[in-house]
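Asks: this one's sequence-less:
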């Protein structure tokens, strides 16, 4: 099949994926971007979100999802390189651990006299968002049977 792109998903500690895909839905810092064969060159900052990769039918088809948090993506010459600060395959997210992470983040309170309150609020909000997404993805991957 000629309408494929090579997708590489890399974290600081390992390369999680290096395969041909039909389509990738990638969470940028300001929304989702779709990448497929012929997509214009792009460099962008990643956000927190769900990376969805669709595979060609001759390779078994279907989709695979990953939780990603931070980093950068580069799309050029039908190659998508995702350099993520954190990335975890949906089926590897343990629901009980994600729920504990969310409960911990929700219980955390920022003191009124914190030295950089706005930064602390933004960091805590990001931690809550990431934990909530992990819980959702853990539930969904069990239902879908990933």
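Replies: Thanks, I have it. Every value quoted in this text rests on a predicted model; they were computed, and no experiment measured them. Numbering: from 1, shown residues only.
Asks: just how off-centre is the longest helix that the chain contains within its chain?
Replies: Among the segments of the chain that qualify as a helix by DSSP state H, the longest is helix 117-144. Computed by CA atoms, centre = their mean, to the nearest Å, the chain-centroid distance of helix 117-144 equals 11 Å.
Asks: Are there helices or strands packed against that helix, and which ones?
Replies: Applying 3 or more CB pairs under 8 Å, 6 or more residues apart in numbering; DSSP states H and E, one finds that helix 117-144 contacts strand 48-54, strand 63-76, helix 95-107. Glycine gets a C-beta too; all of them are placed from N, C-alpha and C.
Asks: now the angle from the second one to helix 117-144?
Replies: The one in question is strand 63-76. 130 degrees (axes from the mean of the first three to the mean of the last three CA atoms, to 10 degrees).
Asks: buried ones in strand 63-76?
Replies: 64, 65, 66, 67, 68, 69, 70, 71, 73, 75 (16 or more other CB atoms under 10 Å).
Asks: Name the nearest of those residues relative to residue 6.
Replies: Of all the buried residues of strand 63-76, residue 6 sits closest to residue 75, with 10.6 Å by CB to CB.
Asks: Flag the shaky bits of the chain, pLDDT-wise.
Replies: Residue ranges of the chain with pLDDT under 70: 1-2, 142-146.
Asks: For the most far-flung residue of the chain relative to its centre, give its distance to residue 39.
Replies: What lies farthest from the middle of the chain is residue 113; by CA atoms, centre = their mean that is 33.8 Å. Taking CB to CB, to the nearest Å as the measure, residue 113 falls 48 Å from residue 39.
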